[in-house]
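[1] sequence first, predicted coordinates after that:
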Amino acid sequence: MPRFMKLLNNISRSQAIYRHSRISATDLQSGHYAYALAICREPGRSQEELAQELCVNKSTVARNLNYLEETGYVTRQALPNDKRQFSVFPTEKLLTVLPEIKQASGEWMALLSEGIPAEELAVFDAVLLRMQDKARQIIKQQEENK
């Protein structure tokens, strides 16, 4: 399985290209869609929570949120107990483009999985979920050992 990560990476990059071509909000870049979905799924979550969910470092989250805030897609509010941390909320602009993001993602999955039996997709999904959980455990252990 040495090509496993490369194959997943190529599929992910292809999805980014497909989604970007299907969404009218041309000021959103491919990396912003994951932020948009996560923020809309749970408005008010902290930047740290976003970093954990998206498996990126805090500075990457801050940089992407700066862009999304400057372009009017999100707002940030300082947490009352820690003024250095922010809760992130979608704006009406983001909520307007969200259906397009979801539709493009759904179309991509339908095209990608066409002809693959549902049972195989379920097994594949379960294996990927287990691998994701293991990857997160490994990273958490590394951070604890620092």
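    Yep, that arrived.
[2] okay, now the domains of the chain?
    Following automatic domain parsing, the chain resolves into domains at 7-114, 116-146.
[3] buried residues in the last one?
    This means domain 116-146. Judged by neighbour count (16 or more other C-beta atoms under 10 Å), domain 116-146 contains no buried residues. Where C-beta positions appear, they are placed from N, C-alpha and C, glycine not excepted.
[4] and among the domains of the chain, the most buried is which?
    When the domains of the chain are scored by mean count of other C-beta atoms under 10 Å, the highest mean neighbour count falls to domain 7-114 (a mean of 15).
[5] and the end-to-end length of it?
    In domain 7-114, first residue to last residue: 18 Å (C-alpha to C-alpha, to the nearest Å).
[6] likewise for stretch 42-51?
    14 Å.
[7] as a markdown table, the domains of the chain with mean pLDDT would be great.
    A markdown table is the format used below for those (pLDDT from 0 to 100):
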| stretch | mean pLDDT |
| --- | --- |
| domain 7-114 | 91 |
| domain 116-146 | 92 |
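[8] hmm, residue 19 is touching residue 108, no?
    Yes - between residue 19 and residue 108 there is a contact at 6.6 Å, judged by C-beta atoms under 8 Å.
[9] so where's the longest helix in this protein?
    Longest helix of the chain, by residue count under DSSP state H: helix 118-144.
[10] so where do the strands sit in this protein?
    Ranges of strands in the chain, per DSSP state E, are 74-79, 82-90.
[11] would you turn those strands into CSV with distance to residue 61?
    Converted to CSV, the strands of the chain look like this (distance: least, C-beta to C-beta, whole Å):
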stretch, distance to residue 61
strand 74-79, 11
strand 82-90, 9
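[12] so which of those strands is nearest residue 128?
    Nearest of these to residue 128, taken as C-beta to C-beta: strand 82-90 at 26.5 Å.
[13] can you pull up the most central residue in this structure?
    Nearest to the geometric centre of the chain sits residue 34, at 2.4 Å (C-alpha atoms, centre = their mean).
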